[in-house]
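S.K.: Predicted model, plus sequence, below.
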There are 4 protein chains.
Amino acid sequence: LTVFLFERPVRFEEVDAAGIVFFGCFAGYAHEAMEAFFGELEGGYPRLILDRKVGLPAVKVEMSFVTPLRYGDVLVIETSTHRLGNKSAELCYRMRLRDGTSIAEVKHTVVSTDLAAMRSCDMPADVRATLARHVST
Amino acid sequence: LTVFLFERPVRFEEVDAAGIVFFGCFAGYAHEAMEAFFGELEGGYPRLILDRKVGLPAVKVEMSFVTPLRYGDVLVIETSTHRLGNKSAELCYRMRLRDGTSIAEVKHTVVSTDLAAMRSCDMPADVRATLARHVST
Amino acid sequence: LTVFLFERPVRFEEVDAAGIVFFGCFAGYAHEAMEAFFGELEGGYPRLILDRKVGLPAVKVEMSFVTPLRYGDVLVIETSTHRLGNKSAELCYRMRLRDGTSIAEVKHTVVSTDLAAMRSCDMPADVRATLARHVST
Amino acid sequence: LTVFLFERPVRFEEVDAAGIVFFGCFAGYAHEAMEAFFGELEGGYPRLILDRKVGLPAVKVEMSFVTPLRYGDVLVIETSTHRLGNKSAELCYRMRLRDGTSIAEVKHTVVSTDLAAMRSCDMPADVRATLARHVST
């Protein structure tokens, strides 16, 4: 399958004063899923950032929320690539419970960036290959 | 002026492993600006949530990023109301440095919600009045 | 063995402006290990909190730091019970890398609390039994 | 007075699933107060970290909790220096509400550190002078 699966229980401190998961946490969930998605790179996402000094900063993020997420829930995240260019890509994260209840969807446009110069650069071949393996149409 | 101004220095722990502010923090910045925006309610946003049991959960958030934000920067957030309905509203947060450098823009659609029933409800009159005072066109 | 093991990669956004994991994150790591430690309760820690309305708020936390933790590291947490009373307990979390490098130690005194009344209460039998199984001397 | 005052409203997302402020947030509150405490340095704490590459990582933190903190509360933090050495210092943060209700106390031992070498170093004169002005006995 092209979709990459990642599971993640809600943490105690992710709840807000309204008793549901704070909406800002979903950007972190998306990034966590992306880190796992790039786990197949040699050294994973950490070595890309720290040794190769290439990162994937967000230029655009769209999040839509369907059902409130609560403490005790386990979030299932289905990550796929929606658009793949030479320097940028759009990742999509469908977030649901194990029983299929839809929680949220996050679309995340990233740009391959030389972190030393903080300038866009061509996507490294292995990063692009990982994204290409998970293109959903 | 219709725009509501809020200033906020970047905190030490908001930086990520790439050396810039984590993109997920911007949702928190938007919420912080919104809490300040509703400071004119009696008891502010906290009493709305805790006593009146009405909240404004997000149903949609769009964030676009222009310039990386760094530790030492002070973020200036200009909050205004883009769309105002009976039960929902779209808030817009223009985020910049004091020198005018554009950092990010966040659009945030919220729905007036009875937190006990977790069901949408008509917006309380004072909430609506605050939003109405800051409509930008 | 009495010690409960929990592993956890450092997340991208846990790094601070000095380039190492923010010291405040270690309290969250300890809590995460504690939630896993109580995973053997029926419904785990979430049901204890949400349905049985009993929690274990901290009254005292001592953290000592040995080696800076960095992005890319995987933290191994060894949780054990240092002291066990009728209403309170002290948990100890030894935090290290997989290669044995010592990172930090956290001691965490919690008090069994009726969350509705926000008053201390006798520890539920299953909570106490879990703690008792992991007493280290 | 030797004590440095800092005020800070509780944020919406700092509440946990038990409905009170997550205990891990208090380390962040302490750091925030410390950043403000060092605001009198030229360029503040950010320039110390980013340009002078000197930081004050924690080697020990002790937190004790008296009264649960809630959304809607404003935290008042009184920062003072408890011990001042050549390379290390102990800061103390008394945290209370405006009405005097005691919330928590944090003791925070920091070591002056050359961040490039990640090795302890003599405390810069201006850092030491700030600490010296706030010694409480």
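M.R.: It's in.
S.K.: Around chain B, pick out the residues from chain A.
M.R.: Neighbours of chain B within chain A, by Cβ under 8 Å from any Cβ of the partner chain: A:17-20, A:22-28, A:31, A:46, A:49-50, A:55, A:57-65, A:68, A:115, A:118. The way it works is simple: take the backbone N, C-alpha and C, and place the C-beta from them, glycine included.
S.K.: just the buried members of those?
M.R.: A:17-20, A:22-28, A:31, A:46, A:49-50, A:55, A:57-65, A:68, A:115 (16 or more other Cβ atoms under 10 Å in any protein chain shown).
S.K.: So which of those are in helices?
M.R.: A:Cys25, A:Phe26, A:Ala27, A:Gly28, A:His31, A:Pro46, A:Ile49, A:Leu50 (DSSP state H).
S.K.: What separation is there between the third one and B:Gly72?
M.R.: Counting by Cβ to Cβ, to the nearest Å, the gap between A:Ala27 and B:Gly72 amounts to 23 Å.
S.K.: Ok, the first one next?
M.R.: With distances taken as Cβ to Cβ, A:Cys25 is found 26 Å from B:Gly72.
S.K.: Please name the bridge partners of A:Thr79.
M.R.: Assessed by DSSP bridges, A:Thr79 has beta-bridge partners A:Phe4, A:Tyr93.
S.K.: shouldn't it be in contact with A:Ala89?
M.R.: No. The criterion here is Cβ atoms under 8 Å, and A:Thr79 misses it with A:Ala89 at 11.6 Å.
S.K.: hmm, back to that, which of the residues of chain A next to chain B are close to chain C?
M.R.: Within the residues of chain A next to chain B, those near chain C by Cβ under 8 Å from any Cβ are A:Gly28, A:His31, A:Pro46, A:Ile49, A:Leu50.
S.K.: Among the residues you listed, which one sits closest to chain C?
M.R.: A:Pro46 (3.2 Å; Cβ to the nearest Cβ).
S.K.: Run through chain A and note the low-pLDDT ranges.
M.R.: Low-confidence segments of chain A, defined by pLDDT under 70: A:1.
S.K.: Hmm, A:Met31 is touching B:Cys25, no?
M.R.: You called it Met, but residue A:31 is His. No. Look at A:His31 against B:Cys25 with Cβ under 8 Å: they stay out of range, at 11.3 Å.
S.K.: Between these two, which contacts overlap?
M.R.: Applying Cβ atoms under 8 Å, 6 or more residues apart in numbering or on different chains, one finds that A:His31 and B:Cys25 are jointly contacted by C:Glu13.
S.K.: which bits of chain A sit near chain C?
M.R.: Residues of chain A lying near chain C (Cβ under 8 Å from any Cβ): A:11-13, A:28, A:31-32, A:35, A:43-47, A:49-50, A:70-72.
S.K.: And the buried ones among those, selectable in PyMOL?
M.R.: Here is the PyMOL command that selects only those of these that count as buried (16+ other Cβ under 10 Å):
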select buried, chain A and resi 11+12+13+28+31+32+35+45+46+49+50+70+71+72
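S.K.: Surely A:Ala30 and A:Cys92 touch.
M.R.: No. Between A:Ala30 and A:Cys92 there is no contact under Cβ under 8 Å: 9.4 Å.
S.K.: show me the contacts for the residue nearest to A:Cys92 when sequence neighbours are not counted.
M.R.: Using Cβ to Cβ, 6 or more residues apart in numbering or on different chains and skipping the chain neighbours, the partner closest in space to A:Cys92 is A:His82 (4.7 Å). Residues near A:His82 by Cβ under 8 Å, 6+ apart: A:Glu90, A:Leu91, A:Cys92, A:Lys107, A:Val135, A:Ser136.
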